[in-house]
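1. sequence first, then the predicted structure:
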There are 2 protein chains.
Amino acid sequence: MEQIDLKTIVDDLEYLASQKDERMILNILIGNHPADIATIIQSLSQKPARYIFGLLDADTASDVIVELDEITKDSLVKSMQDARLTEIVDEMDSDDATDLVAELPTDVAEKVLDSIDEEGSDEVKELLRHEEDTAGGIMALEFISVPENFHVDEAIREIRYKADEVAQVYNVYAVNEKGVLTGFIPLKKLILAKSEQKVSSVMVTDVIKVTTDLDQEEVANIFSKYNLVSVPVTDQEGRLVGRITVDDVVDVIEEEASEDMQKMAGIADDEEIRETSAFKISVGRLPWLLVGFCGQLFAALVMKQFEASLKEIFIATFFIPLMMAMGGNAGIQAATIVVRGMALGELNPTETIKRLRKEVQVSLINGTVCGILLFAVVALVDKPPFGLVLALAMLGVIINASFIGASVPLVLSKAGVDPAIATGPIITTFNDIIGLLIYLGLVTAALRFLL
Amino acid sequence: MEQIDLKTIVDDLEYLASQKDERMILNILIGNHPADIATIIQSLSQKPARYIFGLLDADTASDVIVELDEITKDSLVKSMQDARLTEIVDEMDSDDATDLVAELPTDVAEKVLDSIDEEGSDEVKELLRHEEDTAGGIMALEFISVPENFHVDEAIREIRYKADEVAQVYNVYAVNEKGVLTGFIPLKKLILAKSEQKVSSVMVTDVIKVTTDLDQEEVANIFSKYNLVSVPVTDQEGRLVGRITVDDVVDVIEEEASEDMQKMAGIADDEEIRETSAFKISVGRLPWLLVGFCGQLFAALVMKQFEASLKEIFIATFFIPLMMAMGGNAGIQAATIVVRGMALGELNPTETIKRLRKEVQVSLINGTVCGILLFAVVALVDKPPFGLVLALAMLGVIINASFIGASVPLVLSKAGVDPAIATGPIITTFNDIIGLLIYLGLVTAALRFLL
């Protein structure tokens, strides 16, 4: 859908909504992909959005609602009658229904679970038992499995029987009499197999699977590593309990990357990109600003300790922004590579020492280059000895910042803390203070012996 | 594969390689997933890695090589005889073969293209015509399509005929007599259809497709928006020319997120996380460090202009790190949300003004909170009037930084420049200088009228 089209459609719909022209509105919307209807609805103002969403039949509404951004979804859900909500949840896949129910206020959630059909209600309750960001939390209960002693034609009959319930079928899973996953048949293989063949003789037995408690980021790494479109989920005993499809994993990958970027920038990881409340955005960003605030007040105290030196050689103050910025930049470079490498599973935690050594080597090269340049500039316009002090300080600041930038995320990760959190204001503030100490310490020492 | 296992396997293999124990090495490797063999090989030192990779048959080698990180792949490819390379390229899917050939030196690439079978060679040459980061650049030519007037059993025969060539089949595409894509049949639907039904009567005609020139980031956004596992690629006339599968898109999403993060941190976007040459890493990071370097030398000049004020009220120097850091943090927060929102297609470029207004509101709130806190602290330990100057400066610095942080990426994006590039050292340096001007300007003005 083109941007220009979108604007026209939105304007038309807002007008039609004000006229309560149901028929024309549905004429425009019906036939569009649910994701496109979602884009349209989240571009509308609140009132027409609610009115128009209310016109959709439960089936379409359930497809649209999973595609909406969090802000619009919350607003629509809040305005809905319980009966309408129940109707929509009833139409959803188990994983989406669970996500929606999990976000409802407890009393509404209970009402909805009491009103939807019993099978759906049991499924949602079952899925709610799992942590949100684990394989169990993102899996769905819609999949096709057959006993391994079935024949191929019986497997196809099972697909036919469940065709409505399971929208996307890529593989048919095979289980033994205990429900333990023993193999799978890709649909292509099933099509080419003879109907009287046994499932166990056609199936692939080397199954890549995950257990319910696996972290969703690791699930995503497995999809990425093995190029999967779906993965079966088993309990600790190997029994098949769910399936994760790649579309949910794509969401996980984008979500995890966004969260890491936001954490690295000092933004609460639940700040929605389309959040509209300035107050909510402020609240999510303020804590990290305040971490920096306190750290820099401490930096002011550090500077006060060096007041005598700074007054003696006033030009030294002019280079404080340079020292801080170079330390900050070098630290963020090192930290970003380490944080990203660990998130993608490309950086092996056992290689910690190797990585640190590499970063120190890099900082030696870059610190030396920047130091020499700084010496050249200062020696030209001021005194060479002061240029030398600045060059050494620059080298020290860059080495320190790179070491801290690379080591803090590695250490945090070993301690089980998300390393992305460290890359933002914490490392920057830390580097600023140590950088100031290195710089002003060197200047003070030089004043005694050199300058 | 567990970390501990990996270390043991790597140690064993390095020993076996030194003994040239072919049989034992293959015993260990065969039966593993190609992605796991790749993980093992990239953990080996260069010599055993080359030896062991050389033992793999061409089919396995071709599956393994696409899973290797760039560094290991380059090293192996460089050490290979042309004949071996040809053998491996011959076994690869068209898209992977194209990627590999594109990275070869021209003379080697020509030799390889001359030696592989003619169909493969034509395919690679065809794919090489497309830009690397477009739909045409990531699509493969392995897909299944049938004339729309075929019957279902003929479509199934086509799958059987191409089963070896096309590893993953999710949909069968239907084309008219001009080769124009007119619909598709998901395998599930094909299984449930009757063999005498016409393809045109079973197929879904509402096809989501992309053209060859679409940017890969937009392709990824389409997969994500419509929850696809594969998408057909057409030329400008709508003729079916290729297919993109979700595994390649997952790579694109991770790659684009990494690139954005690296650009935002001031790292060349081709720095590999597993890069081992400190020199190469340095070269990729140095340009951005030097941008910061020059900017901060300018900042030193700015400070020199305010030498008189700073000498008059020396305590003002102590708060320079605070002003700079708060501006930096607020700027990065605003820029990150804008850059990420645009990358995911969640932030509509038409909403520029709205977004800027939001960021200014947020900066007003956070700037006021930080300003009041700063006033309180300084009023307690020093003079209230100076606290007031600092508070006003803090507010000004934060508003300015947020505005620049949000507007520069938006403007760059409209000008067709990747906004992520702006979020790193450029915005930071720019903010530092303007922040200094705001702060020192206010201090100087206050010295005349207030302090």
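-> Great, that's in hand.

2. let's see the pLDDT reported for A:Ile4.
-> Reading off the confidence values, A:Ile4 has pLDDT 53.

3. my bad, should have said A:Pro349
-> Turning to A:Pro349, the model gives it a pLDDT of 67.

4. show me what stretch A:379-394 is in contact with.
-> Outside of stretch A:379-394, the residues that reach it under the criterion C-beta atoms under 8 Å, 6 or more residues apart in numbering or on different chains are A:313, A:315-316, A:319, A:322-323, A:326, A:367, A:370-372, A:374-378, A:438-439, A:442-443, A:446, A:450-451. Every residue, glycine included, has its C-beta placed from N, CA and C.

5. now with 6 Å?
-> For stretch A:379-394, the external contacting residues (C-beta atoms under 6 Å, 6 or more residues apart in numbering or on different chains) are A:Cys370, A:Gly371, A:Leu374, A:Phe375, A:Val378, A:Tyr439, A:Leu442, A:Ala446, A:Leu450, A:Leu451.

6. got the phi and psi for the fifth one?
-> The one in question is A:Val378. A:Val378 has phi and psi values of phi -70, psi -40 when expressed as degrees, to the nearest 10.

7. excluding chain neighbours, what is closest to it?
-> Setting aside the residues directly before and after it, A:Val378 is nearest to A:Gly387 in space (C-beta to C-beta, 6 or more residues apart in numbering or on different chains), at 3.5 Å.

8. leaving out the residues flanking it, which one is nearest to A:Gln262?
-> Spatial nearest neighbour of A:Gln262, chain neighbours left out: A:Asp269 (5.2 Å); criterion: C-beta to C-beta, 6+ apart.

9. how about A:Ser258?
-> B:Arg340 (5.5 Å).

10. what's the helix or strand for A:Thr8?
-> Per DSSP states H and E: A:Thr8 is located in helix A:3-18.

11. what do you get for A:Lys280?
-> Counting by DSSP H and E, A:Lys280 is part of helix A:278-305.

12. anything in the helix or strand that that helix is followed by near chain B?
-> For helix A:278-305, the following helix or strand on the C-terminal side (DSSP H and E) is helix A:307-312. No: when contact is scored as C-beta under 6 Å from any C-beta of the partner chain, no part of helix A:307-312 falls within range of chain B; the minimum is 6.7 Å.

13. outline the domain layout of chain A.
-> Taking automatic domain parsing as the reference, chain A has its domains at A:3-130, A:145-245, A:278-449.

14. dump those into CSV; add distance to B:Ser195 and mean neighbour count as well.
-> Converted to CSV, these look like this (distance: least, C-beta to C-beta, whole Å; neighbours: other C-beta atoms under 10 Å in any protein chain shown):
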stretch, distance to B:Ser195, mean neighbour count
domain A:3-130, 30, 17
domain A:145-245, 11, 18
domain A:278-449, 45, 21
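
15. got TSV for the ones you listed, with distance to B:Asp117 too?
-> Supplementary listing: the domains of chain A in TSV, determined by distance: least, C-beta to C-beta, whole Å:
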stretch	distance to B:Asp117
domain A:3-130	40
domain A:145-245	24
domain A:278-449	34
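
16. among the ones you listed, which is nearest B:Asp153?
-> Taking C-beta to C-beta as the criterion, B:Asp153 comes closest to domain A:145-245 out of these, the separation being 10.8 Å.

17. is the closest one up against chain B anywhere?
-> Yes: Domain A:145-245 is in contact with chain B by C-beta under 6 Å from any C-beta, via A:Ile156, A:Arg160, A:Val169, A:Leu187, A:Lys188, A:Ile191, A:Leu192, A:Ser224, A:Lys225, A:Tyr226, A:Asn227, A:Val229.

18. report pLDDT for the second one.
-> On the pLDDT scale, A:Arg160 is placed at 93.

19. contacts only, for it.
-> Listed by C-beta under 6 Å, 6+ apart, the contact set of A:Arg160 reads B:Leu192.

20. mind exporting the C-alpha coordinates of the helix or strand hosting it to CSV?
-> In this structure, A:Arg160 is located in helix A:152-162 according to DSSP H and E. Listed in CSV are the C-alpha atoms of helix A:152-162, where the atom choice follows Å, rounded to 0.1, in the frame of the first residue of the first chain:
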residue,chain,number,x,y,z
VAL,A,152,0.4,-41.7,4.6
ASP,A,153,-3.3,-41.5,3.6
GLU,A,154,-4.3,-41.3,7.3
ALA,A,155,-1.9,-38.4,7.8
ILE,A,156,-3.5,-36.6,4.8
ARG,A,157,-6.9,-37.3,6.3
GLU,A,158,-5.7,-35.7,9.5
ILE,A,159,-4.6,-32.6,7.6
ARG,A,160,-8.1,-32.4,5.9
TYR,A,161,-9.7,-32.8,9.3
LYS,A,162,-7.7,-30.0,10.9
